[in-house]
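J.: sequence and predicted structure are below.
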Amino acid sequence: MSETTSITPTRPYMVRALYQWIEDNALTPYLMVDATAKNVKIPTEHVQDGRIVLNIASRATGNMSMENDYIHFSARFGGVSQEIWVPLPAVMGIYAKENSQGMFFDPSEYENYNPEEDSVAASNKSTTTESKPKRDNKAGLKVLK
């Protein structure tokens, strides 16, 4: 790994894993979000001290999508359906409502992360992979009798 390549943050992987663990144990997953972070789309009337805690249980959300760079879902607030967008750097923690087990994240994890570097490295890797010479002897199946 070169010095210019940044390592992918662990946060999206940990959020997905803990979400699954909480749901598998019939608990309620809560997501704590920095409401002041860039590109956060949440109901601002529920923000307290610059944070919002969202119930992200499958029974409370619709069309949940947890990607490496954002979490997106629809939820009802005061009976009104809203689209929620949470960039992963804005996720402060995920935990179970019932027992508070979960994880809170280092706020500085994304400080030196540059996703453009990863996409450039990935495209360079795929270019070098595609330029390998093809094998002449192709594998095949042989019928044995």
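T.: Structure received. Residues are numbered from 1 along each chain as shown.

J.: need phi/psi at the closest residue to residue 70 other than its chain neighbours.
T.: Residue nearest to residue 70 in three dimensions, not counting chain neighbours: residue 87, with 5.1 Å by Cβ to Cβ, 6 or more residues apart in numbering. Just so you know, the C-beta spots here come from the backbone N, C-alpha and C atoms, and that holds for glycine as well. Backbone geometry at residue 87, expressed as degrees, to the nearest 10, gives phi -60, psi 140.

J.: contact partners for residue 87?
T.: For residue 87, the contacting residues are 37-40, 69-70, by Cβ atoms under 8 Å, 6 or more residues apart in numbering.

J.: same check on residue 93?
T.: 31-32, 102-105.

J.: cutoff 10 Å now
T.: 11, 14-15, 18, 30-33, 51, 53, 102-105 (Cβ atoms under 10 Å, 6 or more residues apart in numbering).

J.: swap in residue 71?
T.: 12, 15-16, 19, 31, 33, 54, 56, 61, 64-65, 84-88, 90-91, 94.

J.: could you measure it against residue 78, distance?
T.: According to Cβ to Cβ, to the nearest Å, residue 71 stands 21 Å off from residue 78.

J.: let me see the ranges of the strands in the protein.
T.: 29-34, 51-55, 61-66, 70-77, 80-87, 91-96, 102-104 (DSSP state E).
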